[in-house]
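Novice: Only the shape, not the letters, is given here:
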């Protein structure tokens, strides 16, 4: 059974772009067949046009059958019939006086019969194709498309498709995020204004509905119960099972579910158990370890080296024989010489290529491995009681309800991810807290939840309520909300609330697929949506590194909301080289984005990045950068840096009238003291503070300095005192 899905767009180009997105989504998520997607346009009041992909009408079927029939007749039937006719003709022409005349006549007969056979076959194929297309056409009828077209205003467009029940949620969300308005047929009995372009109806409408009322139409907008979510977003589901056998049965139910949901339920799953002796056992479905990647790379490299080296050796041996022709140095067995030299070079090439392939395979496996981090799973296993088991599964967001229902049917206790670590590893929590990040009540001082934004991306918010004023904390690239944990005690002790976010692509927040979803303006929109959802009005913003850039772009979009800004180790513009490429060769940035979109989107890390482990870290430390990429996913991590390459916050900085402090580590080599001086020059009345002995990772290495700077900023500027804030703003103008 299929449902009709209708979406109105303001422009035909938007509808066609949405159709391309649906086809790409259908392929990526393996949603199954969408027989036809039609775009209906109304360029004029008396003109309704439509185009369908996948609509096999009778005319299309006849043309297809004509071509297939002609090819079939020409390639298979015609030669066979021609041979039979030629056999009969040969007997009749056996006494012909001239062989040439006999051959010519025979060729003419064969050609005539072959052409006639191909023609008849083509006509038969056309009739058969037209009949089949008329009987099994899955396209949307022209009458239905014309009826929808009559609902459009001039210049508008509608996208129409038919979907199955499992396909509807992701496709509806995709259309909603494409800028369209979902519509449904008006139910019987619903009233509305009659057509305003009918004089009689218009006069009635003016009295019944008011002057200027529009026609009611046969379609009405659909209001979604929840904000749309990018169908490509992935979730985790955690099921607590009674034992290992129970977890394996639950995993088998997931595999069965994948056959009905297709790619929506595809992804990695892990079973974490502890035996009665307390030993942890971990089993993952998609664990491409470094060792396996290295072995695979070595084997592929060896084969490639054997082929390349063998061909090279063969070419060298052949060249040597050609040079030595006519001399006494020519080997007696030239073939054996070529084979031997080819084998020698092949073995050498296999050894060299296998070494390189092994190293490359191990590196790629480490970076794009879809398995969860082993350290996280072992940490989780320590909290599982002996004999118990956890099933952790990755899936696309819209498969979540079906997966939860299937696992509950298996008797498992569900805890929906993403989750903070306490909810993931604490097996003693009560059932109410097992619901993943449910909205907290107003009486609860701490809120940890996912907040849907207008763009459909869910942002994780860690909100600790201690007073009416809030400090908004934005982490750097590759980090998450946990980066500010060391500052919490001092800030809360001073009576201030804190709101730390996982910016999109980081931590527990969603990871959009598109490269343009990681432009800094998108991050700023997310921050605004979270503040609106939590009704936070009295706040300042603190941004470190990339978070400082997001803070700057937030001010550009909403210049009057924040009471003040602390910009830590950040910059006014993108670094020189990436910024030059973004402005002079934007196609390179676009191509890079398309390539990055191909990388895996699953997040391997289940727990927050342990920033304590990197205490004392340098600006550029390989193991920390690899941990950031693994925690964030390589794709999202690189997308963030692509967004940084397009960053220019100078105009926003120049418009800041609130109190601004610019803080930089004296030994920062990522964004130097000179970069912070540039920010200060652009922000009227700002203050520059250089921290001796601090580098770029100041939030981790010098947490006590950061927390004191935040408190000093609030005290010295009086940002939460309206009179003092206005005085500071007036002083900044002179």
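Specialist: Good, I have the coordinates. What you see is a predicted model; the values in this text were computed from it and never measured.
Novice: Helix or strand: which one has the closest residue to residue 614 other than its chain neighbours?
Specialist: The shortest distance from residue 614 to any non-neighbouring residue, by CB to CB, 6 or more residues apart in numbering, is to residue 624 (5.0 Å). Every C-beta, even on glycine, is put in place using the N, C-alpha and C of the backbone. Assigned by DSSP states H and E, residue 624 falls within helix 622-632.
Novice: List the buried residues for whichever helix or strand comes after that helix?
Specialist: Helices and strands here follow DSSP H and E; after helix 622-632, the next one along the chain is helix 634-645. Residues 634-645 are the ones in helix 634-645 that count as buried (16 or more other CB atoms under 10 Å).
Novice: wait, which of the residues you listed is closest to residue 123?
Specialist: residue 635 (54.1 Å; CB to CB).
Novice: Quick one: residues contacting the closest one.
Specialist: 511, 596-597, 599-601 (CB atoms under 8 Å, 6 or more residues apart in numbering).
Novice: got any ranges where the stretch 351-500 of the chain has weak pLDDT?
Specialist: Scanning the stretch 351-500 of the chain for pLDDT under 70 picks out 366-370, 415-444.
Novice: how about a cut-off of 50?
Specialist: Per-residue confidence for the stretch 351-500 of the chain (pLDDT under 50) gives these ranges: 418-443.
Novice: For it, which segments count as helices?
Specialist: All helices of the stretch 351-500 of the chain, identified by DSSP state H, counting those that start in this stretch, fall at 374-381, 400-409, 421-425, 431-434, 488-493.
Novice: Skipping adjacent residues, who's closest to residue 688 in space?
Specialist: Counting by CB to CB, 6+ apart, the residue nearest residue 688 is residue 680, at 4.5 Å.
Novice: Kindly indicate whether the one you found is helix, strand or coil.
Specialist: Secondary structure for residue 680, judged by DSSP: H, G, I helix; E, B strand; the rest coil, is helix.
Novice: Could you report the distance from it to residue 690?
Specialist: 11 Å (CB to CB, to the nearest Å).
Novice: These two - which one has more neighbours?
Specialist: residue 680 (20 against 14; other CB atoms under 10 Å).
Novice: Identify the residues contacting the more buried one.
Specialist: Residue 680 touches 662, 686-688, counting by CB under 8 Å, 6+ apart.
Novice: Would you mind measuring from it to residue 639?
Specialist: Counting by CB to CB, the gap from residue 680 to residue 639 is 30 Å.
Novice: And residue 252, by the same measure?
Specialist: In terms of CB to CB, residue 252 sits 36 Å off from residue 639.
Novice: repeat for residue 37
Specialist: Distance from residue 37 to residue 639, by CB to CB: 29 Å.
Novice: how long is stretch 383-392 from one end to the other?
Specialist: 14 Å (CA to CA, to the nearest Å).
Novice: Just the buried residues of it, please?
Specialist: For stretch 383-392, by 16+ other CB under 10 Å, it's 383-384, 388-392.
Novice: Let me know the helix or strand that residue 6 is in.
Specialist: Using DSSP H and E, residue 6 falls in strand 3-9.
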